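# Let's see this in three dimensions:
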Amino acid sequence: MHVAVAGATGNIGARTASALARSGHEVVRISRSLGVDLLTGAGLDDALQGVDAVVDTTSAPPMGLDETRSYFQTTTANLLGAEQRAGVRHHVLLSIVGIDRTDGGTDHYAGKRVQERLVQDGPVPWTIVPATQFHDFAALAASWTEHDGVAAIAPLLVQPIAPDDIAEVLAEIAVGEPQGRYVDVAGPQTQDLVDMARRTHAALGRDVTLIPTWSGPLGEELAGTILLPGDGARIAPTTFEQWLASIRPTGGCPA
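Predicted structure coming up:
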C-alpha cells in the first residue's frame, strides 16, 4: 500500500513511517521540512497522489489556546480536503486517551478535541487511535515549569506507552479498514506522574526538586482515572522500567 505519514519527522511520525517501510509499504513522508506545509496546504495535493491511507501524527507548536485550536482546525481541514481530492480511503488520527471524557487539560488537549471532531465529521473514512502519554511525558511536563532546579508537576495517574509500541499499532491500523474510534492503547503499568519524573531525572543524572501540585498546566480535572485506558484497552508490551534502562545519562531521552 501507499501510506502517507503527516508529521513524519516527529517523534511518533518518524517511527510510524519506519514501521510501515519495514512491512514493505510505500511511505510518503509529509512534513514542512520536506516541502509539504499543512498550514498553508502547499505541496499537499502532489504528495497525496496515489496514496491509499494517511496517518496523522502531527502536533502543534507551543502557543496559546486560541492559536492551538486554530492550528489544528486549519491543518486538519487542509489535510482532509486534499485527501478527498486524491481519493484517500482511510484517515488514521493519533489522539489522546481521556480527552473525550473531559473539557480540561492543556491547550494541546483542546486542540486535539477540535481535530477529532473534524475527522469524525469529515469526508474521509477514519480511525481515531487514542493513546496514553508516552514514557518521556513526565520529564516533559516537569520541564514546562522548571526554574532554578525546581519544577511543579501534577500528581496524575497515567499508563504510559513506548513511542515504538504506538508507532507499530498505527502502522498496523493504517493498512486495514477504517474502524471509527479504536480502543484505548496503553502501556502495561499504571504510574504516578511525579514518581515517573523523579525516576526519569535520576536516570538522566539531573537534580530537580519536584513540587506536586494541581496549580500548573495539568489541572485537577484530570485527576483519578481520566487519563487511564478504559475497558477493553489494547495493552502494549514495553514497560516504563525498560524505557528507563534505555536512557542515556549525558544525552537525554532516546530519540
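
# Pretty sure Val88 sits in a strand.
No: according to DSSP: H, G, I helix; E, B strand; the rest coil, Val88 belongs to no strand; its state is coil.

# So what's the residue count around the closest residue in space to Arg181 that isn't next to it in sequence?
Residue nearest to Arg181 in three dimensions, not counting chain neighbours: Ile128, with 5.0 Å by C-beta to C-beta, 6 or more residues apart in numbering. C-beta coordinates here come from the backbone N, C-alpha and C atoms, glycine included. Neighbourhood size, Ile128 [other C-beta atoms under 10 Å]: 21.

# Also His2?
Count around His2 with other C-beta under 10 Å applied: 16.

# wait, doesn't it sit right on Ala47?
No: the pair His2 / Ala47 is not scored as a contact, 10.7 Å apart, by C-beta atoms under 8 Å.

# Overlap in contacts, the two.
Val28 (C-beta atoms under 8 Å, 6 or more residues apart in numbering).

# The helix or strand hosting Val55 - contacts with which helices or strands?
Assigning secondary structure by DSSP states H and E places Val55 in strand 53-56. Where contact means 3 or more C-beta pairs under 8 Å, 6 or more residues apart in numbering; DSSP states H and E, strand 53-56 is packed against strand 2-6, helix 65-86, strand 90-96, helix 163-174.

# hmm, 6 Å instead?
For strand 53-56, the packing partners by 3 or more C-beta pairs under 6 Å, 6 or more residues apart in numbering; DSSP states H and E come out as strand 2-6, strand 90-96, helix 163-174.

# Just after the shortest one, pick out the following helix or strand.
In other words, strand 2-6. Per DSSP H and E, strand 2-6 leads on to helix 11-22 as the next helix or strand towards the C-terminus.

# Show me how far that next one is from its chain's centre.
Per C-alpha atoms, centre = their mean, to the nearest Å, the displacement of helix 11-22 from the mean C-alpha position of its chain is 13 Å.
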